[in-house]
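Predicted structure and sequence below. I'll ask about it afterward.
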Amino acid sequence: MATAVTRLTLFLSTDTPQQRRRCTEFKLSTALSPSQTRLSLPSISSATSTRRRRLGVSCQTAGTQPKGVSDAEFGTEFGQDRLLKVPVSNIRNFCIIAHIDHGKSTLADKLLQMTGTVQKREMKEQFLDNMDLERERGITIKLQAARMRYVLESEPYCLNLIDTPGHVDFSYEVSRSLAACEGALLVVDASQGVEAQTLANVYLALENNLEIIPVLNKIDLPGAEPNRVTQEIEEVIGLDCSNAIYCSAKEGIGIKEILNAIVKRIPPPKDTADKPLRALIFDSYYDPYRGVIVYFRVIDGSIKKGDRIYFMASGKDYYADEIGVLSPNQLQVDELYAGEVGYLSASIRTVADARVGDTITHYTRKAENSLPGYEEATPMVFCGLFPVDADQFPELRDALEKLQLNDAALKFEPETSSAMGFGFRCGFLGLLHMEIVQERLEREYNLTLITTAPSVVYRVDCVNGDTVECSNPSLLPEPGKRRSIEEPFVKIEMLTPKDYIGPLMELAQDRRGEFKEMKYITENRASITYELPLSEMVGDFFDQLKSRSKGYASMEYSFVGYRESELIKLDIQINGDPVEPLATIVHKDKAYAVGRALTQKLKELIPRQMFKVPIQACIGSKVIASETLSAIRKDVLAKCYGGDITRKKKLLRKQSEGKKRMKAIGKVDVPQEAFMAVLRLEKEVL
């Protein structure tokens, strides 16, 4: 006898919406005759018992996984109920931390799929990485939140996941997500082992008193050594890995064990729903139709749709038009209480009113103290951003304000340049951060920008006792007014296989690095620590690190303070006039090499004039490198086809006097292409 098995989803209504229950699984087994039909349904309620007897329904307890039903199918059924409330004791807030390219996004995809949060037909790789840039580069740039529902031992749980970036330049995103969680999954590649950013993120998590669950990913790779990596984690980080989870996010191995560990090992948030509302803003973005959309974690109290809310730092109040959860798309709800993560729309049009780190409370029942928020991000790298079209300056300002809402580590202030007009001096956490911000401004806000060479902030001690912070060479005080110049130093830790120790130490020494220590983490891997100037790392240091180690080494750095150095201002003079946008602050030992490279490049790029143009690199009044752009010569002797030599001399003398007068009053226009090429050259040379 042939049997067809069909899966259906069915809702049965009861007296009240609260009693409405979802059927998780039933099978319709159809024999040859349509009249021979048997239904197997979960328990619904006593109110439907009569109807159930009439239909001949056999029921199971809600939340029990039927035999023969896969984890994915069972999760898909219950994942649809993620808007249903659970007790605070059943909420788990966690994030995923790891080094770049260790499989965070793939693991997040599998968790969303296993819990039924995202349907199979909607699923795509890097689901939470919703920016084009993230997909193109294969990295996570923005933290993303997602609410999942998971059933363990017939008990429903609400899991709030926050996916975090792995690159060192986005560590501020990681610190903000950690403040909204009680636990973290530490993902380590089973073939690569502990990397530099793994350590940095773990220390951030330990500072926030998070429960850390070690997860060894990519165990399906041929080169995976989970036992060695487990030992490495215990030795380097000091975490107990006796209950570490082995998984392969790509193959779906160990995903259910991870979900069970999240429920059993991560503590629930504190039940403080009866206290006055305090919610921490951990992210936000600007929507052109709805205004500022705020992502927050409710720490105390509860918030309802229509409540009048108050932002404690900015002092502004609004009505909450819409509240909801991120799952991962925005789903509206009527109320959120302590421990939950959600979003808020209140028609906030002024970008400065709802900053990341602010505390939300009720206008009528204000909390006594605001939440600690976050430490201010310290920019490490600075550059100038100028619109190619001067009319786009107001648009650039608006775009930077909106982007700062979404990227709290970005800092900017207005700047004027004689060569490029009005623009902004922007501060970033690193070179990749700078590159990403520039691309986002151009893509998301349709701007065409010129970026100056990256620089750092120098501290100048003046003769009169003042201390001046200078991020632009044109703001540097005159040599007679300054006593000394200090530059920022960073402590850099490089983790590398032992075969590449020599090339990496040579790289650090070339960049004025000061050796601190070297230790072997395992038999084949070493940690090298240096202190070196940030200005030396701003260029191509990371690229050199990867190329010299064939991609195996990783690095992590932290700011250690300012130190006095022999720094000088290198000016570029064209036809005797200093060109401020091309001035740079360099170390005395590198001044000649930089000056020579700049003058040679400018000679190629500046168009020839009717007079001779000297291009000079100067330290004060001393010229250290010089090139000369030869004049365009007009053949004034062409008409002299004979006659006395004095006629020719007279014409040549008249020409030279004209050139001398032209040089005295003539002005050399440096084309925009020359500025751009020289800025690129500065990045290479410095």
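Cool, the structure landed.

what are the ranges of the helices in the stretch 401-550 of the chain?
For the stretch 401-550 of the chain, applying DSSP state H, counting those that start in this stretch gives helices covering 431-444, 501-510, 534-537, 541-548.

Looking at the ones you listed, which one is packed in the most?
For these, the largest average neighbour count (mean count of other C-beta atoms under 10 Å) is found in helix 534-537, namely a mean of 23. Quick note: C-beta positions are derived from backbone N, CA and C, even for glycine.

Quick one: the helices of the stretch 401-550 of the chain as a markdown table, columns for mean pLDDT too.
Written out in a markdown table, the entries for the helices of the stretch 401-550 of the chain read as follows (pLDDT from 0 to 100):
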| stretch | mean pLDDT |
| --- | --- |
| helix 431-444 | 83 |
| helix 501-510 | 90 |
| helix 534-537 | 82 |
| helix 541-548 | 80 |
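
Please tabulate those helices in CSV, including the columns distance to residue 349.
Putting these into CSV (distance: least, C-beta to C-beta, whole Å) gives the following:
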stretch, distance to residue 349
helix 431-444, 19
helix 501-510, 49
helix 534-537, 38
helix 541-548, 40
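
Of those helices, which is nearest residue 632?
When these are compared by C-beta to C-beta, helix 431-444 sits nearest residue 632, at 37.5 Å.

Show me how far that closest one is from its chain's centre.
How far helix 431-444 lies from its chain's middle: 11 Å, per C-alpha atoms, centre = their mean, to the nearest Å.

and it, what other elements does it pack with?
The helices and strands touching helix 431-444, judged by 3 or more C-beta pairs under 8 Å, 6 or more residues apart in numbering; DSSP states H and E, are helix 132-137, strand 381-387, helix 393-406, strand 421-428, strand 449-451.

Out of these, which one sits most buried?
Per-stretch averages of neighbours, counted by mean count of other C-beta under 10 Å, single out strand 381-387 among those, with a mean of 23.

Compute the inter-axis angle for it and helix 393-406.
Taking axes from the mean of the first three to the mean of the last three C-alpha atoms, to 10 degrees, strand 381-387 and helix 393-406 form an angle of 140 degrees between their directions.

can I get the CA coordinates of strand 381-387 in PDB?
Written as PDB, here are the backbone C-alpha positions of strand 381-387 (Å, rounded to 0.1, in the frame of the first residue of the first chain):
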ATOM      1  CA  VAL A 381      44.600  58.000  12.700                       C
ATOM      2  CA  PHE A 382      43.600  61.300  11.200                       C
ATOM      3  CA  CYS A 383      43.100  62.500   7.700                       C
ATOM      4  CA  GLY A 384      41.300  65.300   5.800                       C
ATOM      5  CA  LEU A 385      38.100  64.600   3.800                       C
ATOM      6  CA  PHE A 386      37.300  67.200   1.100                       C
ATOM      7  CA  PRO A 387      34.500  67.100  -1.400                       C
END
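
Ok, which of the helices and strands packed on helix 431-444 comes nearest residue 552?
Relative to residue 552, the nearest member of the helices and strands packed on helix 431-444 by C-beta to C-beta is helix 132-137, separated by 20.0 Å.

quick one: strands adjacent to the next helix or strand after the closest one?
Read in the C-terminal direction, the helix or strand following helix 132-137 is strand 144-152, with elements assigned using DSSP states H and E. The strands that strand 144-152 pairs with in its sheet are strand 155-163 (antiparallel) (by DSSP bridges).

Among the helices and strands packed on helix 431-444, which comes closest to residue 234?
Nearest to residue 234 among the helices and strands packed on helix 431-444 is helix 132-137 (32.7 Å), distances taken as C-beta to C-beta.

Poorly predicted segments of this protein, please.
Low-confidence regions of the chain, defined by pLDDT under 70, span residues 1-83, 118-143, 166-173, 373-376, 418-419, 539, 634-636, 638, 659-686.

measure residue 498 to residue 505 for me?
According to C-beta to C-beta, to the nearest Å, residue 498 stands 12 Å off from residue 505.

What of residue 276?
Here residue 276 is placed at a distance of 57 Å from residue 505 (C-beta to C-beta).

do the same with residue 105
Residue 105 sits 34 Å away from residue 505, taking C-beta to C-beta as the criterion.

cool, and residue 250?
From residue 250 over to residue 505 (counting by C-beta to C-beta), the distance is 36 Å.

again with residue 339
Separation of residue 339 from residue 505 (C-beta to C-beta): 49 Å.

repeat for residue 394
Residue 394 is 50 Å from residue 505, where distance means C-beta to C-beta.

can you check residue 94 too?
Counting by C-beta to C-beta, the separation of residue 94 from residue 505 is 39 Å.

what does residue 159 give?
From residue 159 to residue 505 the distance is 45 Å (C-beta to C-beta).

what's the answer for residue 637, then?
From residue 637 across to residue 505, the span is 63 Å (C-beta to C-beta).

Over to residue 367?
Residue 367 sits at a distance of 53 Å from residue 505 (criterion: C-beta to C-beta).

same check, this time on residue 91
Using C-beta to C-beta, we find residue 91 at a distance of 49 Å from residue 505.

repeat for residue 329
When distances are taken as C-beta to C-beta, residue 329 and residue 505 turn out to be 50 Å apart.

Which residue ranges of the stretch 451-600 of the chain form strands?
In the stretch 451-600 of the chain, the strands defined using DSSP state E, counting those that start in this stretch lie at 458-462, 467-470, 482-497, 514-520, 525-533, 554-565, 567-574, 577-578, 584-587.

Please name every helix or strand in contact with the third one.
Using 3+ C-beta pairs under 8 Å, 6+ apart as the contact definition, the elements that strand 482-497 packs against are helix 196-207, strand 458-462, helix 501-510, strand 525-533, helix 534-537, strand 554-565.

most tightly surrounded among those?
The highest average neighbour count among the helices and strands packed on strand 482-497, using mean count of other C-beta under 10 Å, belongs to helix 534-537 at a mean of 23.

I would like the residues contacting that one, please.
Helix 534-537 is contacted from outside by 380-381, 455-456, 487-490, 492, 511-513, 557, 559, 585, 686, using C-beta atoms under 8 Å, 6 or more residues apart in numbering.
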